[in-house]
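A.B. asks: next input, structure requested:
(one chain, ligands or ions: 1)
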Amino acid sequence: MDYLLTEEQKMLQEMVSKFAKEEIAPVASELQEKGIFPAEIIKKLSELGVMGIGYPEEYGGAGMDFVSYMLAVEAISQYCASTGVIVSAHSSLAVDPIFRFGTEEQKKKYLPDMCSGKKIGCHALTEPGAGSDAGTIKTTAKLEGDKWVLNGTKHFITNGAEADIIILFVSTEPEQKTRGISAFIVEKGTPGFKVGKHEDKLGIRASSTTELIFEDCAIPKENLLGELNKGFKVAMVTLDGGRLGIASQALGIAKACIEDSVAYSNEREQFGQAISKFQAIQWMLAEMSTEYEASWLLTYRGSLMKDKGMRYSKEAAMAKLKASETASFCANKAIQIHGGYGYIKEFDAERYLRDAKITEIYEGTNEIMRIVISSSLLKG
Ligand SMILES: Cc1cc2nc3c(=O)[nH]c(=O)nc-3n(C[C@H](O)[C@H](O)[C@H](O)COP(=O)(O)OP(=O)(O)OC[C@H]3O[C@@H](n4cnc5c(N)ncnc54)[C@H](O)[C@@H]3O)c2cc1C
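C.D. replies: Okay, the predicted model is just below:
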């Protein structure tokens, strides 16, 4: 589908893919197995401009578009889905809300260091009692003098352990539910803030997933992001872009499954011939490839619409729904094609399945994606 891309987008895709193949692929399994955050890799990706790919140069970004970001996240995730989500959570979920909703002062203060990768961001919405129903968050912010005082616990936060900048969603008018939520920018090192439990996960184990604890954590009044009590909109608009990032991560996983399966089926012989000569294997490859290309086109469409400034909530939900299910489908087939070798850690197929599953869950489960899509059909 190269014909849909500009020369600049193709060059970027090639550059990131080459980097990921040469520098990330050789260590991906070990990082995943040991649950090590790929700090050196993130540093190098920062030098390549990947941490601020879709943001204007005046804020330290690479000045490219969202389609380029999609291509970069896919290329990285093909070799390491953990690194893919680290980049995606930073860029889509932390840089984007500041860029979109921040004051000029906030943009100038935070974006250059975030776009250059000097500072990592995270997005803290989910709480132990508030997942899909994010309107029921219990973390609070109360204005005391010229400070907002934060209290509560967030959990399952990607980049939580490494983040220098936290985009935090709290309740400022509890009885108003979604109309009483506000967004804030919190800096690491603020007294009263600490990182809590680190989750031990099935997949994407090289990315951190942690609790964030706020106990009488006082932040400056001017750290309110967007309007008071309009934070739910900040979260939802941000998640639309985030879902395209997760769809791109899922595409990378699916692509890895296809390439590994083609290579393995050409090499592995049974009954005196390569298993790729069996129609059963050919059909699996055909289905994987068709699902991948359909998912790619949906994700590309959503990304293009975002670049054109169009509304794309439904399209982002469709892309995330389709691409995540494609990643799991392709990972299952990749294991099947590898036979017993697919089930052991010497090959990457089992890692792909463990990594794929989360794309059906985070940034809105696929049940929530179906609700977003069907409500856009049924409204009016
Ligand atoms: C590895 C990882 C990283 C994450 N990173 C972040 C992050 O960076 N920031 C952040 O804020 N959060 C993050 N999350 C949280 C993630 O977004 C939530 O886990 C997800 O939104 C689901 O919430 P929940 O786990 O509470 O499940 P629940 O909401 O309790 O859902 C349980 C089940 O019920 C279904 N369900 C719920 N409501 C409905 C409904 N109305 N109709 C039909 N079915 C429904 C769900 O689809 C699901 O199948 C992360 C989670 C994980 C595991």
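
A.B. asks: enumerate the residues of the stretch 201-350 of the chain near the ligand.
C.D. replies: Lys201, Thr209 (C-beta under 6 Å from any ligand atom). Backbone N, C-alpha and C define where each C-beta goes, glycine included.

A.B. asks: ok, the residue of the stretch 201-350 of the chain found nearest the ligand - contacts?
C.D. replies: Going by C-beta to the nearest ligand atom, the ligand is nearest to Thr209 of the stretch 201-350 of the chain, at 4.3 Å. Taking C-beta atoms under 8 Å, 6 or more residues apart in numbering, we find Thr209 in contact with Phe156, Ile157, Thr158, Gly160, His198, Glu199, Lys201.

A.B. asks: okay, those in JSON lines with secondary structure and pLDDT next?
C.D. replies: Shown next, in JSON lines, are those (DSSP: H, G, I helix; E, B strand; the rest coil; pLDDT from 0 to 100):
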{"residue": "Phe156", "secondary structure": "strand", "pLDDT": "98"}
{"residue": "Ile157", "secondary structure": "strand", "pLDDT": "98"}
{"residue": "Thr158", "secondary structure": "strand", "pLDDT": "98"}
{"residue": "Gly160", "secondary structure": "coil", "pLDDT": "98"}
{"residue": "His198", "secondary structure": "strand", "pLDDT": "97"}
{"residue": "Glu199", "secondary structure": "coil", "pLDDT": "98"}
{"residue": "Lys201", "secondary structure": "coil", "pLDDT": "97"}
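
A.B. asks: drop anything exposed from these.
C.D. replies: Phe156, Ile157, Thr158, Gly160, Lys201 (16 or more other C-beta atoms under 10 Å).

A.B. asks: doesn't Val195 belong to a strand?
C.D. replies: Yes. Assigned with DSSP: H, G, I helix; E, B strand; the rest coil, Val195 falls within a strand.

A.B. asks: that one: neighbouring residues, count only.
C.D. replies: 16 (other C-beta atoms under 10 Å).

A.B. asks: what bridges to it?
C.D. replies: Taking DSSP bridges as the rule, Val195 bridges to Leu212.

A.B. asks: would you agree it is in contact with Phe214?
C.D. replies: No. In this structure, Val195 is not within contact of Phe214 by C-beta atoms under 8 Å, at 11.1 Å.

A.B. asks: what about the residue of the chain found nearest the ligand, how many neighbours?
C.D. replies: Per C-beta to the nearest ligand atom, Gly131 is where the chain lies closest to the ligand, at 1.7 Å. The local packing of Gly131 (other C-beta under 10 Å) involves 17 other residues.

A.B. asks: against Glu173, how distant is it?
C.D. replies: 21 Å (C-beta to C-beta, to the nearest Å).

A.B. asks: and the closest residue to Ala72 other than its chain neighbours, what does it touch?
C.D. replies: Of all residues not flanking Ala72 in the chain, Val16 sits nearest, at 4.6 Å (C-beta to C-beta, 6 or more residues apart in numbering). Counting by C-beta under 8 Å, 6+ apart, Val16 touches Leu48, Val50, Leu71, Ala72, Ala75, Ile76.

A.B. asks: and these, which is closest to Gly241?
C.D. replies: Ala72 (14.0 Å; C-beta to C-beta).

A.B. asks: give me the outermost residue of this protein relative to its centroid.
C.D. replies: In terms of distance from the mean C-alpha position of the chain, Gly272 ranks first, at 43.7 Å (C-alpha atoms, centre = their mean).

A.B. asks: buried residues, stretch 45-62. List them.
C.D. replies: Neighbour-count burial for stretch 45-62 flags 45-46, 49-55, 59-62 (criterion: 16+ other C-beta under 10 Å).

A.B. asks: and the contacts of that stretch?
C.D. replies: 12, 15-16, 19, 42, 63-66, 68-69, 72, 76, 83, 87, 90-91, 95, 99, 107-108, 111-118.

A.B. asks: just the ones of those residues in helices?
C.D. replies: Mapping these onto helices (DSSP state H) picks out 12, 15-16, 19, 42, 66, 68-69, 72, 76, 83, 87, 99, 107-108, 111-115.

A.B. asks: the nearest residue to Pro220 once chain neighbours are set aside and Ile181, how far apart?
C.D. replies: Sequence neighbours aside, Lys147 is the residue nearest to Pro220 in space, at 6.5 Å (criterion: C-beta to C-beta, 6+ apart). Lys147 sits 19 Å away from Ile181, going by C-beta to C-beta.

A.B. asks: and the two? Which one has more around it.
C.D. replies: More crowded of Lys147 and Ile181, by other C-beta under 10 Å: Ile181, with 28 against 15.

A.B. asks: correct me, but the more buried one touches Phe232?
C.D. replies: Yes. With contacts defined as C-beta under 8 Å, Ile181 counts as touching Phe232 at a distance of 4.4 Å.

A.B. asks: list residues touching both of these two?
C.D. replies: In contact with both Ile181 and Phe232: Gly135, Phe169, using C-beta under 8 Å, 6+ apart.

A.B. asks: return the closest of the buried residues of stretch 45-62 with respect to Tyr300.
C.D. replies: Nearest to Tyr300 among the buried residues of stretch 45-62 is Gly54, at 14.5 Å by C-beta to C-beta.

A.B. asks: quick revisit: and the contacts of stretch 45-62, which of them are buried?
C.D. replies: 12, 16, 19, 42, 63-66, 68-69, 72, 76, 83, 87, 90-91, 95, 99, 107, 111-117.
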